[in-house]
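Participant: Here is the input, now give the coordinates:
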Amino acid sequence: MKALEEYKDLFKDCNVSQTKEGYESLGIWVNTVRQAKKGNGTMKLTDDMIDRLNDIGFEWNFWKSFDERMKELEEYKDLFKNCNVSHTKEGYESLGCWVRTTRQAKKGNGTTKLTDDMIDRLIDIGFEWKHDKSFDEHMKELEEYKDLFNDCNVPRTKEGYESLGVWVKHMRKARKQGTGGMKLTGDMIVSLNDIGFFWGRGQSAEFSDAEKEKFGMITP
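Facilitator: Residues are numbered from 1 along each chain as shown. Reported below is the predicted structural model:
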């Protein structure tokens with residue numbers, strides 16, 4: 001509760017996103033509390049807990065209607081000239097999650113159901129159903145970022161570079177753990193090394209023996 005009260009003092013609401021930088025665990029707790037109010041999960045709320053949450057303006061139902069989300073998306077587009085809201089963009093985390101969920105719904109994934117009218121309205125404001133960029137496109141963005149800031153260490157919360165920051169994190173994970181939804185080739189690693197990409201603590205830019213073998217760099 002103390003952490004939530006401090007959050008409200010800073011941001012004027014209790015709607016903590018699970019992806020908000022520095023508040024991830026609080027966001028998970030907020031979601032758990034909402035589920036507990038519905039009788040889901042293992043958390044048990046007492047009447048006193050509910051009263052205390054009500055007293056600080058806790059919103060028990062944070063699900064917004066399609067019309068409400070569309071209004072937010074139109075306002076976002078007026079400001080940023082596109083509908084590509086990142087779920088890590090400061091102040092727009094919830095809208096970004098909705099955009100991502102909407103794209104998945106169009107593919108038939110998840111529980112959200114889109115009507116033909118909803119799809120038409122999204123198309124009318126220039127909604128991009130597929131926003132996956134190629135490796136080369138991200139590389140170009142990273143090179144431009146380096147020209148501006150003299151490094152490749154893009155934070156996920158950097159204004160205007162949230163999507164690129166997420167991609168940079170995925171590149172590090174893909175090489176270190178073979179995870180992150182991206183398969184790195186030897187050529188990709190070389191391209192990143194060439195612009196001074198920082199792979200993280202303990203990760204050398206040099207190819208390991210295992211990588212050399214994996215990418216066919218070792219002559220039998």
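
Participant: Find the residue at the geometric middle of this structure.
Facilitator: In the chain, the residue lying closest to the centroid (Cα atoms, centre = their mean) is residue 87, at 3.9 Å.

Participant: could you measure it against residue 168, distance?
Facilitator: Look at residue 87 and residue 168: by Cβ to Cβ, to the nearest Å, they are 16 Å apart. Just so you know, the C-beta spots here come from the backbone N, C-alpha and C atoms, and that holds for glycine as well.

Participant: do residue 27 as well
Facilitator: According to Cβ to Cβ, residue 27 and residue 168 sit 22 Å apart.

Participant: which one of those two has more residues nearby?
Facilitator: For residue 27 against residue 168, the residue with the higher neighbour count under other Cβ atoms under 10 Å is residue 168, and the figures read 23 against 17.

Participant: Hmm, that one is touching residue 158, no?
Facilitator: No: between residue 168 and residue 158 no contact is recorded; they are 10.2 Å apart, counting by Cβ atoms under 8 Å.

Participant: low-scoring pLDDT stretches of this structure, where are they?
Facilitator: Along the chain, the parts satisfying pLDDT under 70 run over 62, 88, 111, 178-182, 218-220.

Participant: Using CSV, write out every CA atom in stretch 113-130.
Facilitator: Included here for stretch 113-130 are C-alpha records, laid out as CSV according to Å, rounded to 0.1, in the frame of the first residue of the first chain:
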residue,chain,number,x,y,z
LYS,A,113,-12.8,-10.3,-30.6
LEU,A,114,-12.8,-7.6,-33.3
THR,A,115,-15.9,-6.8,-35.3
ASP,A,116,-15.8,-5.7,-39.0
ASP,A,117,-16.8,-2.2,-37.8
MET,A,118,-13.9,-2.1,-35.3
ILE,A,119,-11.5,-3.1,-38.0
ASP,A,120,-12.8,-0.5,-40.4
ARG,A,121,-12.5,2.3,-37.8
LEU,A,122,-8.9,1.3,-37.1
ILE,A,123,-8.1,1.2,-40.8
ASP,A,124,-9.6,4.7,-41.2
ILE,A,125,-7.1,6.3,-38.7
GLY,A,126,-4.2,4.5,-40.3
PHE,A,127,-3.7,1.6,-37.8
GLU,A,128,-0.8,-0.6,-38.8
TRP,A,129,-1.7,-4.3,-38.3
LYS,A,130,1.8,-5.5,-38.7
